[in-house]
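> need coordinates for the below:
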Amino acid sequence: SNIKNTVHSSSSHQEYNLLLRGKVDVGGVVGYVDNAIVDINDVEFIHVVDGENVASKRINATQSGAGGIIGCTRGSIVSVGNSTVVLTVGSSSTSYAGGIVGYCDSDLTLTDVTVSPYIEVDNYAGGLVGETTHLKTMGIIYVIPRFSSAAAVIASQYAGGLVGNGSGLKLNSGESIVMALAVGNSDSEYVGGLAGRVYDCEVSTNKLEMGDGSTENIKTSTILIQGAKYVGGLIGQLYNATLRGHDANVFDYNEGAGVTLPSKRRFVWDVNYIVRGDNYSGGAVGEMDEGSNIYNICSNATNDGDDRIGGIVGNASKTGNVIDCVNLNTVIVKNTSAGGICGYVDGNTKFLDCINFGTITGGQYIGGIVGYASWWDGHTDIDWCVNCGDVTGQRTVGGIISYYDTEGHWYYPSNSKNAYIVEIAYKCANYGTIKASNDDDGDDHTHSIGGIVGSAPNTKNCIKRCVNHGTVDGGDSAFGGVGGIVGSIGHDP
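Numbers count the residues shown, from 1 in each chain. From the prediction side, this is the model:
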């Protein structure tokens, strides 16, 4: 099938009153595609929303499957090219809504499309696709405010600037992707500037531009990614997936000359706006889970929340890697667990060649690289990481990691019953001022402050080849322990 030169638009900036409405699978061009080859080109929908009339839904499936061009597609090969969609999609009861396709279980290719949607639905909302199993982008993709400040993507769960929930994402085949929409609200879960949730695939951001931009007809505004839980500047939750950014090493290892500390001016950031999530919130990823990885991501997002807040990732669960990542901006947590790279680690995660330049501030468990590490699912490695930002908390503060709890677990080699010593940090450095504002007069040693580690309240711990160049200030209160390297280590028998 081939659909071309289809125009469904209002005249210049005038409200257009057409309403497409149904229960399921409603699309501006096609409602439902099944087991077909469909090529849609040169389509234009410009239904301007003035900001006061966003509740007047232009394409509405009251139950599921609302799309600016296709409501739902399954088992098909679909391509959409050289098209513009500026309209409102879905309603509060809708699941699966997207600026181009609501639900996609097909091979979908988008080439040179511009989308400026207003989407506020129940679940699964994306600037391009609500949910997809295969998405490839070509040419230049714009997901931007155009003519109207009302453009946004909002859902109670799974809201993304491009995709609400998806796998099989190939976003690096074209020239560029420009995303500049507000995503989520204060009650949303699984919210990301790129995708609410990504699973079982690798996503590259090397063609992604996130910010206001200067393209004609883009309306400049403050970009906010917000939600209650699992909120990321790029992805709300990575599940058995990999996020990969610009292919560049953070540190230059010169043989015989040591390691050169990079300048903050060297880095080009992938994320550059406000990320606000109550829990599990990160400048790039809210949560990484089930063997997920983050490589070569730099965040310049201002990031604040209540618990488990990180400059790159809020919460890291189970096996994974965070390598060659940089945080440039502020991380603020109201309660516990904030880090320049990661707020909270459940274990068996490796942090390698990461650097934090941002100021980290919060209540308890505040670290320059990692806030709190728990042995829930294995050992956490922090190697060759550097903190250059000031770190301030009420209690339990560390230049690299605030609190490392092995819960009595140790390594056991396969041929021996002797336990390995747990290595907390290896070849790490702190240059920031580490400060605690503890208002308690108690002597609890878990409330300690250290240039590298705040507190490691278990036996068989090791901090190896680390250096602290920063001031450590425990204040005037009777604190649990203040140390240039570690505030407190071990525990009473």
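
> okay, CA-based contacts and neighbour counts for the rest of this
Will do.

> just give me the longest strand of the chain.
strand 70-86 (DSSP state E).

> could you point out the helix or strand that follows that one?
Next along the chain after strand 70-86, taking DSSP states H and E as the criterion, comes strand 88-89.

> ok so, going back, now the longest strand of the chain: buried residues?
By neighbour count on 16 or more other C-alpha atoms under 10 Å, the buried set for strand 70-86 is 70-74, 76-86.

> out of these, show me where the pLDDT dips lowest.
Of all the buried residues of strand 70-86, Val86 has the smallest pLDDT value, namely 86.

> beta partners of that one?
Note on Val86: beta-bridge partners by DSSP bridges are Ile46.

> give the contact list for it.
The contact partners of Val86, by C-alpha atoms under 8 Å, 6 or more residues apart in numbering, come to Phe45, Ile46, His47, Val48, Val115, Ser116, Pro117, Arg146.

> wouldn't the fifth one be in contact with Leu128 here?
Meaning Val115. Yes - look at Val115 against Leu128 with C-alpha atoms under 8 Å: they come within range, at 7.2 Å.

> list the residues that contact both of the two?
Gly99, Ile100, Val143.

> mean confidence score for stretch 470-481?
For stretch 470-481, the per-residue pLDDT averages 80.

> so how far is whichever strand or helix holds Ile366 off the chain centroid?
Per DSSP H and E, Ile366 falls inside strand 360-367. From the chain centre to the centre of strand 360-367 is a distance of 20 Å (C-alpha atoms, centre = their mean, to the nearest Å).

> ok, back up a step: just give me the least confident of the contacts of Val86.
Ranking these by pLDDT, Val48 lands last with 57.

> and the next helix or strand past the lowest-mean-pLDDT helix or strand in the chain?
Taking mean pLDDT, DSSP states H and E as the measure, the chain has strand 6-9 as its least confident helix or strand, at a mean of 43. Using DSSP H and E, the next helix or strand after strand 6-9 towards the C-terminus is strand 20-27.

> what packs against that following strand?
Judged by 3 or more C-alpha pairs under 8 Å, 6 or more residues apart in numbering; DSSP states H and E, the packing partners of strand 20-27 are strand 30-34, strand 59-67, strand 70-86.

> any chance of those in JSON lines, plus distance to Tyr431?
Putting the helices and strands packed on strand 20-27 into JSON lines (distance: least, C-alpha to C-alpha, whole Å) gives the following:
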{"stretch": "strand 30-34", "distance to Tyr431": "58"}
{"stretch": "strand 59-67", "distance to Tyr431": "51"}
{"stretch": "strand 70-86", "distance to Tyr431": "49"}
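
> which one, of those strands, ends up nearest to Ile223?
strand 70-86 (18.5 Å; C-alpha to C-alpha).

> any idea how far the closest one is from the middle of the chain?
From the chain centre to the centre of strand 70-86 is a distance of 26 Å (C-alpha atoms, centre = their mean).

> what does stretch 238-250 give?
With C-alpha atoms, centre = their mean, you get 11 Å for stretch 238-250.

> ok, Gly102 - contacts?
25, 64-68, 70-72, 96, 125, 129-131.

> please, which helix or strand holds it?
strand 101-115.

> ok now that strand, how far from the chain's centre?
So, by C-alpha atoms, centre = their mean, the centroid of strand 101-115 is 22 Å from its chain's centroid.

> next: stretch 428-440.
Counting by C-alpha atoms, centre = their mean, stretch 428-440 comes out at 26 Å from the chain centroid.

> cool, stretch 362-376 as well?
18 Å.

> give me the buried positions along it.
Across stretch 362-376, burial judged by 16+ other C-alpha under 10 Å covers 362-376.

> before I go, just wanted to say thanks for your time.
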